[in-house]
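**Q** Next comes the sequence, and after it the predicted model I'd like to discuss.
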Amino acid sequence: MAALNRLRHLGSVCSSRSVCNSRSVCTRPSEHYRCLVLGGGSGGITMSSRMKRRLGAEHVAVVEPSEMHYYQPIWTLVGAGAKTVSSSGRSTASVVPSGVKWIKSRVEEINPQKNTVRTNDGMEISYEYLIVALGLQLHYEKIKGLPEAFEHPKIGSNYSVQTVEKTWRALQDFREGNAVFSFPNTPVKCAGAPQKIAYLTDAFLRKNGRRAQANIVYNTSLPVLFGVKHYADALWDVVKSRDITVNLRHNLVEVRPDKQEAVFQNLDHPEDLKVIEYEMLHVTPPMGPSAVIKGSSLADEAGWLDVNKETLQHKRFPNVFGIGDCTNVPTAKTAAAVAAQSAILDRTIRSVLDNRTPDTKYDGYTSCPLVTSYNTVMLAEFDFNMQPLETFPLDQRVERRTMYHMKAHMMPQLYWHGLLKGLWGGPEPYRKLLHLGFK
Ligand code: FAD
Ligand code: UQ1
């Protein structure tokens, strides 16, 4: 139940930092930093490290309410039993760069006209430069029956730390019937993850001699299997060879855990509702912009942080910048994109500090290691135009063991010791080097 409440109230952490004098007059402490970073996830910690190098640790603060920082990309493997959830987390205290101030609060309001931010415990923090890295919000509650249905067995979701182990439980308990996977009708982070767990389920059931008793169904709201045709074509071969049923334009709208039923709406014929009985259900929740950004003048019409897609500088407030899932940068939302964006944003901010117009040009680099079994990955890498932008001079549509090794063993090290320390800005230099002499 505690886990459920956390899912319902992602964000209602509350404490009081008010200072009261002897006459019980309460004042709200205020602080000022040259650079204030909102959110201590992948983008926030990475930029805190880079800003510490640029400005000095004492001039940087990061606002983040969570005690723990998670490496979310590994949750795909946690849901399939190949990694433990504990291996995905470290304390926030250990990842905030030394000397940088960690403000353990939740941002409630951003006021870019006054260059201030207000937190849930009543602090007002002013800044010279603001970096917004608040990620996105999960909306399990937008599916009827959720999040309560997570109290029941046979249902899980790799998208939250509270539910990822439930996917593994459901997979182990699978005996006979439908294994059903969903993809919502909203932007999502790591758009490959909803289908990766379907491939891992296939591989697990084959390994355990139960595949013949299973009907694997991947229902996606999208009109395509994957947004980049180059990889989508190869993925269609994968689903065919694994005997996975794919239904496009099918959106999960209700879960009935008592009957083990999932209800999907056909988005092309909204009156058409299909009920499917499940033996295992993996839910990818609807996602949306951070409520704090949506409620501020920093948002675009849809609620995402409104930045220039090449420089990552805010379109109306030149001392405000954004990185990662919270922005309206039109590329797939991934940690790989955060890596490439961090190098760009560092250069943009250097230009602003030097009083020069930023001339940085982010190309939209993003990557999705498509796990297709317990030892293979198809490494998708692409740009704003949904064109492949591949690091290795190989046909990356091929499922490879080396790429699985990279995803499962090398990427976590690169994340904790490279990206978060501000030392990894994406593979562009290596791509250029490796493609010397190739077309
Ligand atoms: P986050 O890392 O989510 O950080 C946002 C931070 O903001 C959080 O720490 C949060 O607590 C904090 N916050 C939120 N609201 C407030 C507030 N009001 N005040 C203060 N702080 C707040 N990416 C890849 O590159 N490759 C992959 O293979 C991959 N697989 C994935 C698989 C899964 C199952 C998932 C869930 C994600 C995957 N990703 C992958 C995506 C990747 O994890 C995200 O794109 C990345 O973490 C985005 O970084 P971010 O800083 O924008 O957001
Ligand atoms: C990457 O840079 C990155 O960020 C650390 C990821 O997130 C976990 C990735 O999944 C990938 C694939 C990259 C890109 C790196 C290489 C070496 C292709």
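**A** Looks like it came in fine. Ligands and ions are numbered 1, 2, ... in the order given.
**Q** For the rest of this, base every contact and every neighbour count on C-alpha atoms.
**A** Will do.
**Q** show me what contacts the residue most central in space within the chain?
**A** In the chain, the C-alpha nearest the mean C-alpha coordinate belongs to residue 189, at 4.3 Å (CA atoms, centre = their mean). Residue 189 makes contact with 325, 332-334 under the criterion CA atoms under 8 Å, 6 or more residues apart in numbering.
**Q** Same list, the residues you listed, but as JSON lines with neighbour count please.
**A** JSON lines is the format used below for the contacts of residue 189 (neighbours: other CA atoms under 10 Å):
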{"residue": "325", "neighbour count": "30"}
{"residue": "332", "neighbour count": "26"}
{"residue": "333", "neighbour count": "24"}
{"residue": "334", "neighbour count": "21"}
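**Q** Same list, those, but only the ones touching ligand 1.
**A** Among the contacts of residue 189, proximity to ligand 1 is found for 325, 333-334 (CA under 6 Å from any ligand atom).
**Q** Would you report which members of the residues you listed are assigned to strands?
**A** Applying DSSP state E to those, no entry is found in strands.
**Q** possible to save those residues as CSV with pLDDT and distance to ligand 2?
**A** Output for the ones next to ligand 1 among the contacts of residue 189, formatted as CSV (pLDDT from 0 to 100; distance: CA to the nearest ligand atom, whole Å):
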residue, pLDDT, distance to ligand 2
325, 99, 13
333, 98, 11
334, 98, 7
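**Q** what residues are up against the closest residue to ligand 2 within the chain?
**A** In the chain, the residue that lies nearest ligand 2 is residue 336 (3.5 Å; CA to the nearest ligand atom). Residues near residue 336 by CA under 8 Å, 6+ apart: 365-368, 426.
**Q** ok so, going back, would you point out the most distant pair within the contacts of residue 189?
**A** Greatest spatial distance among the contacts of residue 189 (CA to CA): 325 and 332, at 8.7 Å.
**Q** per-residue pLDDT, the nearest residue to residue 314 once chain neighbours are set aside?
**A** Counting by CA to CA, 6 or more residues apart in numbering, residue 314 lies nearest to residue 307, which is 4.1 Å off, once chain neighbours are set aside. In this model, residue 307 is scored at 98, pLDDT.
**Q** What is the neighbour count of residue 307?
**A** Using other CA atoms under 10 Å, the number of residues around residue 307 comes to 24.
**Q** That one against residue 324, yeah?
**A** No - with contact defined as CA atoms under 8 Å, residue 307 does not reach residue 324; the gap is 11.1 Å.
**Q** re earlier: filter the contacts of residue 336 down to the ones close to ligand 1.
**A** Counting by CA under 6 Å from any ligand atom, 367-368 from the contacts of residue 336 sit close to ligand 1.
**Q** Buried subset of the contacts of residue 336 as a ChimeraX selection?
**A** Those of these that count as buried under 16 or more other CA atoms under 10 Å are selected in ChimeraX with:
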select :365,366,367,368,426
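**Q** biggest separation within the contacts of residue 336, which pair?
**A** 368 and 426, at 13.0 Å, using CA to CA across the contacts of residue 336.
**Q** which residues of the chain fall in helices?
**A** Using DSSP state H, the helices of the chain run over 2-8, 42-55, 75-79, 92-95, 164-173, 193-207, 229-241, 291-294, 335-353, 401-405, 411-414, 428-434.
**Q** and residue 111, which of these is closest to it?
**A** Among the helices of the chain, the nearest to residue 111 by CA to CA is helix 291-294 (10.2 Å).
**Q** The protein - how does it break down into domains?
**A** For the chain, the structural domains run 29-135+290-353, 138-288, 366-434, going by automatic domain parsing.
**Q** Straight-line length of the last one, end to end?
**A** The stretch domain 366-434 measures 18 Å between its terminal residues, going by CA to CA, to the nearest Å.
**Q** if you look at that domain, does any of it touch ligand 2?
**A** Yes - contact of domain 366-434 with ligand 2 (CA under 6 Å from any ligand atom) involves 367-369, 391, 411, 414-415, 419, 426-427.
**Q** The second one too?
**A** No - applying CA under 6 Å from any ligand atom, one finds domain 138-288 out of contact with ligand 2, separated by at least 9.3 Å.
**Q** Just the terminal-to-terminal distance for that domain.
**A** Length of domain 138-288, first residue to last, CA to CA: 7 Å.
**Q** Please tell me how far that domain is from the chain's geometric centre.
**A** With CA atoms, centre = their mean, to the nearest Å as the basis, domain 138-288 stands 18 Å off its chain's centre.
**Q** and that domain, what's its mean pLDDT?
**A** If you average the pLDDT over domain 138-288, you get 98.
**Q** likewise the last one?
**A** Here the mean pLDDT over domain 366-434 is 97, rounded to a whole number.
**Q** Centre of the chain to it, how far?
**A** Mean-position distance between domain 366-434 and its chain equals 16 Å (CA atoms, centre = their mean).
**Q** do the first one as well
**A** Taking CA atoms, centre = their mean, one finds the center of domain 29-135+290-353 at 13 Å from the center of the full chain.
**Q** could you list every residue that touches residue 250?
**A** 219-222, 264-267.
**Q** and the residues you listed as JSON lines, adding distance to ligand 1?
**A** Converted to JSON lines, those look like this (distance: CA to the nearest ligand atom, whole Å):
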{"residue": "219", "distance to ligand 1": "17"}
{"residue": "220", "distance to ligand 1": "16"}
{"residue": "221", "distance to ligand 1": "18"}
{"residue": "222", "distance to ligand 1": "18"}
{"residue": "264", "distance to ligand 1": "21"}
{"residue": "265", "distance to ligand 1": "23"}
{"residue": "266", "distance to ligand 1": "25"}
{"residue": "267", "distance to ligand 1": "24"}
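**Q** and of those, the nearest to residue 90?
**A** Top of the list for closeness to residue 90, among these and by CA to CA, is residue 220 at 32.7 Å.
**Q** Apart from its neighbours in sequence, what residue is nearest that closest one?
**A** Using CA to CA, 6+ apart and skipping the chain neighbours, the partner closest in space to residue 220 is residue 183 (4.6 Å).
**Q** what's the spacing between residue 225 and residue 204?
**A** In this structure, residue 225 and residue 204 are 22 Å apart, going by CA to CA.
**Q** These two: which has the busier surroundings?
**A** Per other CA under 10 Å, whichever of residue 225 and residue 204 has more neighbours is residue 225, with 22 against 19.
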